[in-house]
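Student: Here is my input, please return the structure:
(2 chains)
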Amino acid sequence: MKTAIETHNLTVAYNRRPVLWDIDFQIPEGQLIGVLGPNGSGKTTLLKSLMGLVQPSSGYVRLFGQSLDEVRSRISYVPQRESVDWDFPISVREVALMGRYRKHKLLGRLSKEDHRLADEALEKVGMLSFADRQIAQLSGGQQQRVFVARALAQQADLYLMDEPFAGVDAASEEAILSLLKEMKQAGKTVLIVHHDLHTAHQFFDWMVLLNTRLIKCGPTSSVFTADYLKQAYGGQLTILSQVSDLVKARDFPIRERSFKDQPK
Amino acid sequence: MSDFFTFSDPNVRLVTAGTILLGISAAIVGTFTFLRKRALVGDAIAHAILPGVCLSFMITGEKHPAYLLVGAVLAGWLSLLVMDYLSSRTKLSTDTAIGAVLSVFFGAGILLLTSIQHSGSANQAGLDQFLFGKAAAMTQRDIWVFSGVAVVLLGLVLAFFRSFKLISFDPAFAKSIGLPVRRLEFLLSTITVLAVATGIQAVGVVLMAALLITPAAAARFWTDRIQVMILLAAAFGLLSGLFGSWISYTAPSMPTGPWIVVLLSMIAVVSVVVAPKRGIWARLRLQRSNARKIRQENILKAFYGIGEAADAPVATVAVDMLRQQRPFEDIALQLGLRELVKKGLLHKHKPGTYALTPTGLQESRRVVRLHRLWELYLTERMNYAADHVHNTAEAIEHVITPEVEAALLRELDHPILDPHDAVIPYQNPSKPSAS
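Tutor: Numbers count the residues shown, from 1 in each chain, chains lettered A, B, ... in the order given. Below you'll find the predicted structure:
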């Protein structure tokens, strides 16, 4: 199996406070992967640093064995639903079409093919009949499905989704879940930040268990054990968070300047 | 009035056209400022431009519009950078950073303006017009330069519309697909600074935020489409520019800029009040129609209750019986009865006695059915105790739409009894329905 995602010594600080410490893992292609951990354990930060949205203090990420910029068109990102203003005056179709924007086509109109792919994506999440609605008129679950449709319209190979099941009604959860299975069958890799431990072991083939440090990464059966869960959810390591506070309060660098850890 | 609108005077024509163009470009650029929730930043930029304008005059000794624009853009940009730096690199919150930049830059501008005025330079006359604008005092050269800039800005917004829309809605996603978000933001900010720098010719730095933000804010009330919103904002900019010029033409002591802003504010107030759906008036009407529905449905329910208690269809019901069934307010009861008679759900027998018509009976059964279905849903699905469901159902029965009713019936599998063992009345199960 080829590797879809790998991180090396990934360390990330927010406002100078380290929230991820030396995360090292590799995940093979074609899996449904859950990123799990308590609140504030760095799940979203991990996703954002995979997507290049936050700059790591040290370490690096490889996707399909390459740097993000080399494979960007194969990667699709679904941000947290709350990260945008849903009162924004645009329609469902316009959001789905955003999945067809390309960096080399900043100007001008989208093609017929783009429109077709966007509508097809909306159809897949069961939102095509809402295509002309303003996004504020949707329920939370429907909004989430529109976000997933936008990602589908990108026709990527790797999908990074931040909490797609948070605050979602049963019908939407069903719709998204069956879509994920379909994507897996088509050989796609999907990494999902997830908060619900009860459903996690049914959803995912592979898990990344986090609590500012990596607890365990591997197939669900080897990760989803009482021992590892206790490590992840048993609170943060007291001394580690003390040190993190010190780094922030005294404005220390988290890596010394001489330390080079970029890929060769 | 006719004098003005024939536009026979070429100077009037030019000034009016220029003012309108500045208004339109500020309104369209301002739509993005508004959607990105940067209204205050727009205000700060407008104020921060003043020292730039003054400095460029002090250095060049001229009021050439191109020099003034350069000064304005540089100062506007500097203010943006300082705001950015203060809010990201210090512990100051964003609003503090904006407020600090606005007042410090504006203060510096006033200081420079005062010293220019006391310098005795013959050329300085009219520089204070940057404070409140004076469209009518624009020279031909001014108008051509500023209008040219406005047209360029409109072209840029049109060309980059799609990208601007995305970075305004979801910048993180835009970055994830590799759009040059920083460069696009830089472009949009530069366009905003330029729109402000040209717009202050018409209304001045103090009122510029109104020209930038008010059209978009008013337009937002009328539409859920960004394309329509931009067109509306442009139309508001156009109208206020046109009529502002007209007012100052007919009453020469009247300043154009403040009138433009007054007109824009009037458009905004009208929008806030009368816009469909979002407007205050629409909300009030909706609330009144809700109150009417609740009033009528409660009366119908009382009729049904009386019939149910008597265990036989009651031919006529006296108003007193309704009062015993439910503690109605007198006025509401009289009003509701009159409305129901008018809708053909009741007919009046003799004073103080009413009977349900066949449609009235159907309607009363529907309301009671919704009430009892909801009670059942609460006990079955939400684990309410049977003696705690009534009050909630009293409110929700008026809310449930036919679609929700269908879903409830499916979910509860067409139940026969409610949690209090009362029969749930269906649409005349014995006889074929009236329709």
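
Student: buried stuff in stretch A:222-242?
Tutor: Residues A:V223, A:F224, A:Y228, A:L229, A:Q231, A:A232 are the ones in stretch A:222-242 that count as buried (16 or more other Cβ atoms under 10 Å in any protein chain shown). Any C-beta I mention is one placed from the backbone N, CA and C, and that applies to glycine too.

Student: And the furthest pair within those?
Tutor: A:F224 and A:Q231 (12.4 Å; Cβ to Cβ).

Student: residue contacts, the spatially most central residue of chain B?
Tutor: Chain B has B:F221 as the residue nearest its centroid, 3.3 Å off, counting by Cα atoms, centre = their mean. The contact partners of B:F221, by Cβ atoms under 8 Å, 6 or more residues apart in numbering or on different chains, come to B:S271, B:V272, B:A275, B:R278, B:G279.

Student: separation between it and B:Q325?
Tutor: B:F221 sits 43 Å away from B:Q325, going by Cβ to Cβ, to the nearest Å.

Student: Mind naming the longest helix for the chain?
Tutor: Since you didn't name a chain, this refers to chain A. Taking DSSP state H as the criterion, chain A has its longest helix at helix A:170-185.

Student: actually it's chain B I care about, not the one you picked
Tutor: Ranked by residue count under DSSP H, the longest helix found in chain B is helix B:181-220.

Student: ok, the closest residue to the residue nearest to the centre of chain B other than its chain neighbours to B:L86 distance?
Tutor: Spatial nearest neighbour of B:F221, chain neighbours left out: B:A275 (3.7 Å); criterion: Cβ to Cβ, 6 or more residues apart in numbering or on different chains. Computed with Cβ to Cβ, the distance linking B:A275 and B:L86 is 37 Å.

Student: likewise A:R250?
Tutor: The gap separating A:R250 from B:L86 is 23 Å, by Cβ to Cβ.

Student: ok, the two, which is more surrounded?
Tutor: Counted by other Cβ atoms under 10 Å in any protein chain shown, A:R250 and B:L86 do not tie: B:L86 has more neighbours, with 18 against 8.

Student: What helix or strand is the more buried one located in?
Tutor: Under the criterion of DSSP states H and E, B:L86 resides in helix B:65-89.

Student: what is the rounded mean pLDDT of that helix?
Tutor: Mean pLDDT, helix B:65-89: 91.

Student: for it, packing partners?
Tutor: helix B:39-60, helix B:94-119, helix B:140-159, helix B:181-220 (3 or more Cβ pairs under 8 Å, 6 or more residues apart in numbering or on different chains; DSSP states H and E).

Student: what does the third one rub up against?
Tutor: The list of residues contacting helix B:140-159 from outside it, by Cβ under 8 Å, 6+ apart, reads A:107-108, B:14-15, B:17-18, B:21-22, B:24-25, B:28-29, B:32, B:64-66, B:69, B:138, B:164, B:187, B:191, B:194-195, B:197-198, B:201.

Student: Same question for stretch B:18-28.
Tutor: B:135, B:138, B:142-143, B:146-147, B:149-151, B:153-154, B:157, B:195-196, B:198-199, B:201-202, B:208, B:211-212, B:215-216, B:230, B:233-234, B:236-238, B:240-242, B:244-245, B:256, B:260.
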